[in-house]
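> Return atomic coordinates for the entry below.
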Amino acid sequence: MSVYVGNLSYEVTEDSLNAVFAEYGSVKRVQLPTDRETGHVRGFGFVEMSTDAEETAAIEALDGAEWMGRDLKVNKAKPKEDRGSFGGGRRSNGGRNRY
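Below is the predicted model of the structure:
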C-alpha cells in the first residue's frame, strides 16, 4: 500500500520528499506525477514504505503538518480506478453514436 501526499509545493523533489518520510521508516519508492505538457510537478505524490506501521506513523505525524510553506494532506492512497481504454465517461450504448 502507498501513502498519498497532497498539497505539495511545486518545488518539491523526490529526494526531499524521501528525506521527510525516511524519518518514519524505510522508504521503498517515491512518485511525483508531472504534467504531460509542462513537465512540472502536479502538487501531489505517492510514497511507499516498507511496513504498514511505518506508513501509519508517517500519516499520523505529517497529515496537516506545514512543509515548504504548505499544509500537507497525507493519507492512505486509494487504488487507482480503471477508467477504460479511452479515459472518458462510459456511455450506456457502448460508446456508439445512435445516429
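
> in this structure, which spans are helices?
For the chain, the helices identified by DSSP state H occupy 14-22, 52-62, in order along the chain.

> now those helices in CSV, with mean neighbour count, mean pLDDT and distance to residue 7?
Any C-beta I mention is one placed from the backbone N, CA and C, and that applies to glycine too. Formatted as CSV, the helices of the chain follow (neighbours: other CB atoms under 10 Å; pLDDT from 0 to 100; distance: least, CB to CB, whole Å):
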stretch, mean neighbour count, mean pLDDT, distance to residue 7
helix 14-22, 16, 98, 13
helix 52-62, 16, 97, 11
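
> Need these in CSV (columns: distance to residue 33).
Compiled in CSV, these are given as follows (distance: least, CB to CB, whole Å):
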stretch, distance to residue 33
helix 14-22, 11
helix 52-62, 19
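
> quick one, which of the ones you listed is nearest to residue 41?
Shortest separation from residue 41 across the helices of the chain is recorded for helix 14-22, at 9.4 Å, computed as CB to CB.

> Packing partners of that closest one?
Contact partners of helix 14-22 among helices and strands, from 3 or more CB pairs under 8 Å, 6 or more residues apart in numbering; DSSP states H and E: strand 27-31, strand 44-49, helix 52-62.

> Let's have those in JSON lines, adding distance to residue 19.
Supplementary listing: the helices and strands packed on helix 14-22 in JSON lines, determined by distance: least, CB to CB, whole Å:
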{"stretch": "strand 27-31", "distance to residue 19": "9"}
{"stretch": "strand 44-49", "distance to residue 19": "11"}
{"stretch": "helix 52-62", "distance to residue 19": "12"}
